[in-house]
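[1] whatever this is, show me its structure:
(one chain, ligands or ions: 1)
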Amino acid sequence: MARYVFITGGVVSSLGKGLASAALGALLQARGFSVRLRKLDPYLNVDPGTMSPFEHGEVFVTDDGAETDLDLGHYERFTGVAARNTDSVSSGRIYSNVLEKERRGDYLGKTIQVVPHVTNEIKDFLAVGDDEVDFMLCEIGGTVGDIEGLPFFEAIRQFSHDKPRGECIFMHLTLLPYLAASGELKTKPTQHSVKELQSIGIAPDILVCRSEQPIPEKEREKIALFCNVRKEAVVAAYDLGSIYEAPLAYHREGLDQAVLDAFQISPAPKPDLTTWQDVQDRIHKTDGAVKIAIVGKYVQLEDAYKSIKEALVHGGMANRIKVQVEWVDAEVFDHEDAAPHLEGFHAILVPGGFGERGTEGKIKAAEFARTRKIPYLGICLGMQMAVIEAARNLAKIEAAGSEEFDHEAGQKRFEPVVYHLKEWVKGNHAVKRKVDDDKGGTMRLGAYTAHLAEGSKVAEVYGTTEIEERHRHRYEVDIKYREKLEECGLTFSGMSPDGRLPEIVEVKDHPWFIGVQFHPELKSKPFAPHPLFADFVRAAKDVSRLV
Ligand code: GLN
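    Numbers count the residues shown, from 1 in each chain. Reported below is the predicted structural model:
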């Protein structure tokens, strides 16, 4: 049976609970334990799939096709453990399950209440797969005291009570603000936040305190005394230059030791930190920098492209070069020349997206990269835009466009080179969709296999001709146009196993121009950079050395 670590937060949001959880996962692995990480989110959306990237950041997709919170991306990047559908849940999902059961009559006419029905549903979620790993790390979104978080806090309290003593611990993140006027770190907000937790029956075993300054011994003792934790269990979390320094930083501060002590695991297995030392070395020992433009729509909130940004950092680590990412708003040059906005970059990346806004700009970015022979990586919508660009400018299909934009506008303006897919094959099953299916969860989602053409650029980059990558989209490039486009130099170098769905295109006479229908960024890790990102950054590095 797994031991459980519940991770909660107090004082303010955005303290880095996800990062702390992920780093702890990595440290427990370094000590030889197996881990799984979970996220429980108090919001009422059933999943983040329909939430605006402006508000919520990117939607992270798992192999099994769940649309989840971006924190699951952190978990995967730090532990390499592929997240599953059962690793992310929201209040919305919990309530919808409970109501579904109520409608089915599963509760035999009982009055349905938050306690026990909602809390039981949460506890069932927590227990899934508890016989598979040594440690289950469960992060509760939001901060203690939030109204909507209460059922989750109550559920973890009950859960730990149901388990034998010593199988669950609570780790709480707080903030120690620094008051310049008095030159002190203030512990009161932490004390209040712990009180709040205690008032709902949870006594934290470990306190992780975010602080800009080193925590003096005196303050540490005070926190321990007032919050009823051991002094060694007051762990400092300082600001870091790179998130990938977190495992080593937390190890230095004694987080993993404190967790093992709390579980009374003794003697504690010695950690092997070589992976993270190498990662750290690759961050610090670099030679030069490349400038890469991400031409997108949601550029105001960098979290909207979290995994892409991280995958580029990993690509930089693979090449021991710094990657400077600049966010370029595609909409700005929807109706004007893209060149002044894109000159000077060593590579251009057009990420995924939804809706027509900014797409003419993205098409221009693809054209700019193709004609100027600048490395181009098009992801999902970024691939579709590259195909439309080639269709318009090379194959002379002037009205080429995506059915997505016609659907949105409610009129037919484009020749659908990219069309709405309503039927496809997943494994041995046919999947069917109607145009007017509800917006949530109707996409081609999760891992699909693709076959790569022998001798193609991508086969060389991947070093294999069969890959599996994650998808999240409704529209597809129509193979009807394959022959015509290939005659013009756009090769369809990756296809679905049944040969019906184009997965990858590449421009033949170009140093590096690749469009992929899937999201390679979701599988990249600092200790295992994704081959596409590693080679894309390498190509950018080649350009940077030329100029
Ligand atoms: N909007 C496009 C589609 O649904 C692309 C989606 C994406 O980029 N993730 O096919």
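
[2] which residues of this protein lie near the ligand?
    Residues of the chain lying near the ligand by Cβ under 6 Å from any ligand atom: 352-354, 380-381, 404, 472-475. Where you see a C-beta, it was placed from the backbone N, CA and C, and this is true even at glycine.

[3] so of the residues you listed, which ones are in strands?
    Taking DSSP state E as the definition of strands, those contribute 472-473, 475.

[4] so G355 sits against S402, correct?
    No - using Cβ atoms under 8 Å, G355 is not in contact with S402; the gap is 10.3 Å.

[5] between those two, which has more neighbouring residues?
    Neighbour tally, G355 and S402, criterion other Cβ atoms under 10 Å: the higher count belongs to S402, 24 against 11.

[6] what's the closest non-adjacent residue to that one?
    Counting by Cβ to Cβ, 6 or more residues apart in numbering, V418 is the residue found nearest to S402 once chain neighbours are left out, at 3.8 Å.

[7] next, the contact list for A311, please.
    By Cβ atoms under 8 Å, 6 or more residues apart in numbering, the contact set of A311 is 520-521, 524, 529-530, 533.

[8] in whichever helix or strand it is part of, what counts as buried?
    Under the criterion of DSSP states H and E, A311 resides in helix 306-319. Buried residues in helix 306-319, counted by 16 or more other Cβ atoms under 10 Å: 306-319.

[9] next one: stretch 175-184
    Those would be 175-177, for stretch 175-184 by 16+ other Cβ under 10 Å.

[10] mind checking how far it is from the chain centre?
    Here stretch 175-184 shows a centroid-to-chain-centroid distance of 33 Å under the convention Cα atoms, centre = their mean, to the nearest Å.

[11] ok, residues contacting that stretch?
    The contact list for stretch 175-184 (Cβ under 8 Å, 6+ apart) reads 11-12, 15, 185-187, 189-190, 209-213, 215, 219.

[12] kindly recompute the last result at 7 Å.
    Here stretch 175-184 makes contact (Cβ atoms under 7 Å, 6 or more residues apart in numbering) with 11-12, 15, 185-187, 189-190, 209-213, 215.

[13] and what of stretch 495-503?
    Contact with stretch 495-503 is made by 424-425, 448-451, 476-477, 479, 492, 494, 516-518, as judged by Cβ under 7 Å, 6+ apart.

[14] please identify the helix or strand for the residue most central in space within the chain.
    Using Cα atoms, centre = their mean, the residue of the chain that lies closest to the mean C-alpha position is G73, 3.0 Å off. Element membership for G73, per DSSP H and E: helix 71-79.

[15] mind checking how far the following helix or strand past that helix is from the chain centre?
    Under the assignment DSSP H and E, the closest C-terminal helix or strand after helix 71-79 is strand 88-90. Centre-to-centre, strand 88-90 and its host chain are 14 Å apart (Cα atoms, centre = their mean).

[16] which strands or helices does strand 88-90 pack on?
    With contacts defined as 3 or more Cβ pairs under 7 Å, 6 or more residues apart in numbering; DSSP states H and E, strand 88-90 has these neighbours: strand 35-41.

[17] now the angle between helix 71-79 and the strand it packs on, please.
    Interaxial angle of strand 35-41 relative to helix 71-79 (axes from the mean of the first three to the mean of the last three Cα atoms, to 10 degrees): 160 degrees.
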